[in-house]
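Trainee: Structure here, sequence nowhere to be found:
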């Protein structure tokens, strides 16, 4: 219903696992040749813990624990990566959460940039949207388990937690 308010024929809403979004193809009308369709813009509004909505959604606070961010991190990374794969060269991807947790924000973006091996770059959105109120991201953060045990690096994480806490959760060196 929100897309209907846009009155735009250039918006497509698809109900599919975003981490496994299908590849789209277009057919050249003259040659009949198929080629992969890439997008100018991708909005990756990923599922998240919602901890940034605590001021208006008190239920989030009563259910919050660190494991929420740990659980969402890898899902968010997969969605962001697939979104980037669907971009045209020179396209823009906007990664969005309603979380303030760096494991869901900075850690995902840092790993996405690392995996792209220079194929992606982080741009300052304030140059595109000068009225946007924002600040730079964190460069350092803590990673901890559900039990609030803090780990300094992935090598300190017990093996039984490797499917809950990922190497990409830690600040890049």
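Mentor: That came through fine. Worth saying up front: this structure is predicted, and the values here are computed from it rather than measured.
Trainee: what sits up against the longest strand along the chain?
Mentor: Secondary structure of the chain per DSSP state E: the longest strand is strand 87-96. Applying C-beta atoms under 8 Å, 6 or more residues apart in numbering, the external contacts of strand 87-96 come out as 38-46, 80, 83-84, 105, 108-109, 112, 120, 123. Glycine gets a C-beta too; all of them are placed from N, C-alpha and C.
Trainee: next helix or strand past that strand?
Mentor: helix 106-116 (DSSP states H and E).
Trainee: Pull out the buried positions in stretch 104-122.
Mentor: Of the residues in stretch 104-122, 104, 105, 106, 107, 108, 109, 110, 111, 112, 113, 120 count as buried by neighbour count, 16 or more other C-beta atoms under 10 Å.
Trainee: my bad, should have said stretch 55-67
Mentor: For stretch 55-67, a neighbour-count test (16+ other C-beta under 10 Å) marks 60, 66, 67 as buried.
Trainee: out of the residues you listed, who's nearest residue 136?
Mentor: Proximity of these to residue 136 was ranked by C-beta to C-beta; the top entry is residue 66 with 23.5 Å.
Trainee: That closest one reaches residue 146, doesn't it?
Mentor: Yes - using C-beta atoms under 8 Å, residue 66 makes contact with residue 146 at a distance of 6.0 Å.
Trainee: Buried ones from the contacts of strand 87-96, can you make that a ChimeraX selection?
Mentor: Per 16+ other C-beta under 10 Å, the buried members of the contacts of strand 87-96 correspond to this ChimeraX selection:
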select :42,44,46,80,83,84,105,108,109,112,120
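Trainee: Which of the contacts of strand 87-96 fall within strands?
Mentor: The strands, defined by DSSP E, take in 39, 40, 41, 42, 43, 44, 45 from those.
Trainee: By mean pLDDT, flag the weakest helix or strand of the protein.
Mentor: Counting by mean pLDDT, DSSP states H and E, the chain has its least confident helix or strand at helix 58-63, which shows a mean of 84.
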